[in-house]
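> Give me a model of this one.
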Amino acid sequence: MKKNQSVRNLAVTAIFAAISAVLMYIQIGLPILPSFLKFDFSDFPALIVSFAVSPWHGALVCLLKNLLHLLTTTTAGVGELNNFIIATLFVVPAGIVYHRNKTRKTALIGAVTGTVSSAVLSVIYNYFIGYPLFSAALGIPMVGIVGMYSGILPSADTLWEALLIFNLPLTLVKGAVSTLITMLIYKRISPLLKGKRSK
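Here you go, the predicted structure:
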């Protein structure tokens, strides 16, 4: 039984990683954001797996979708690395909270916790690691990156301000949308994911 469940868990993880990878290509650019910041729906499959299987399988979905996306990367892999880190900061805390007490309420609390943690920690990560790597990989000076933000909002003239004004809200919105989609469909598909008959 344990072996069968392990195989099912890996199959679910692989399927949802493929779905997530496809969704990662459906990116929406917004005029209120710099052109390199896109909105996509690729995190909610990882959140579903984090709830249905385990937080670590959810993180594996994040890893696999970005490894697949590397095949067509335009950022020398830096964008994929950043996406993996920030998405993992979302789905792992959410899954940890949910698995302590599997109820709809704790699922919501977990998702909100993951959303806030990923948004806040992404600012710190991007400031010290993500954007310096992005700048080095693409050969764009940091002043040029900040200039893309200040061109939209002149007061966003430092990296800290740019991340707080633009990236933080975007990450919060992405988490909220992933949470909403997951809450709407999770109960209906969870018996199938767990190999149980729905009643």
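
> residue boundaries of the helices in this protein?
Secondary structure of the chain (DSSP state H): helices at 2-24, 44-52, 55-69, 78-100, 104-125, 131-138, 142-150, 159-162, 168-194.

> Enumerate every residue touching residue 189.
In this structure, residue 189 makes contact with residue 48, judged by CB atoms under 8 Å, 6 or more residues apart in numbering. For glycine as for every other residue, the C-beta is placed from the backbone atoms N, C-alpha and C.

> Please disregard the earlier target; I meant residue 131.
Shown here is residue 131, whose contacts under the criterion CB under 8 Å, 6+ apart are 142, 145, 159, 163.

> Could you pull up the residues touching the first one?
To tie it back to what came earlier, the one meant is residue 142. Contact analysis of residue 142 by CB under 8 Å, 6+ apart lists 131-132, 135, 159.

> Can I get the buried ones among those as something I can paste into PyMOL?
For the buried members of the contacts of residue 142, the matching PyMOL selection, counting by 16 or more other CB atoms under 10 Å, is:
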select buried, resi 131+135+159
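
> what separates the residue most central in space within the chain from residue 186, distance-wise?
Closest to where the C-alpha atoms of the chain average out (CA atoms, centre = their mean) is residue 87, at 2.7 Å. The gap separating residue 87 from residue 186 is 17 Å, by CB to CB, to the nearest Å.

> try residue 19
14 Å.

> again, but for residue 145
According to CB to CB, residue 145 stands 37 Å off from residue 186.

> Also residue 119?
Taking CB to CB as the criterion, residue 119 is separated from residue 186 by 22 Å.

> So these two - more neighbours on which side?
The residue with more neighbours, out of residue 119 and residue 186 and counting by other CB atoms under 10 Å, is residue 119; that gives 22 against 19.

> these two touch, right, that one and residue 176?
No: with the criterion set as CB atoms under 8 Å, residue 119 and residue 176 do not qualify as a contacting pair; they are 9.9 Å apart.

> Poorly predicted segments of the protein, please.
Per-residue confidence of the chain (counting by pLDDT under 70) places the weak regions at 1-2, 195-199.

> residues near the residue nearest to residue 50 when sequence neighbours are not counted, how many?
In space, not counting the residues next to it along the chain, residue 50 is nearest to residue 58; the distance is 2.7 Å by CB to CB, 6 or more residues apart in numbering. Neighbours of residue 58 under the rule other CB under 10 Å: 30.

> same thing with residue 115?
For residue 115, the count of nearby residues is 25 (other CB under 10 Å).

> again, but for residue 124
Look at residue 124: counted by other CB under 10 Å, it has 11 neighbours.

> still on that earlier bit, now the helices of the chain in TSV, with distance to residue 35?
Shown next, in TSV, are the helices of the chain (distance: least, CB to CB, whole Å):
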stretch	distance to residue 35
helix 2-24	17
helix 44-52	24
helix 55-69	18
helix 78-100	13
helix 104-125	19
helix 131-138	13
helix 142-150	7
helix 159-162	14
helix 168-194	13
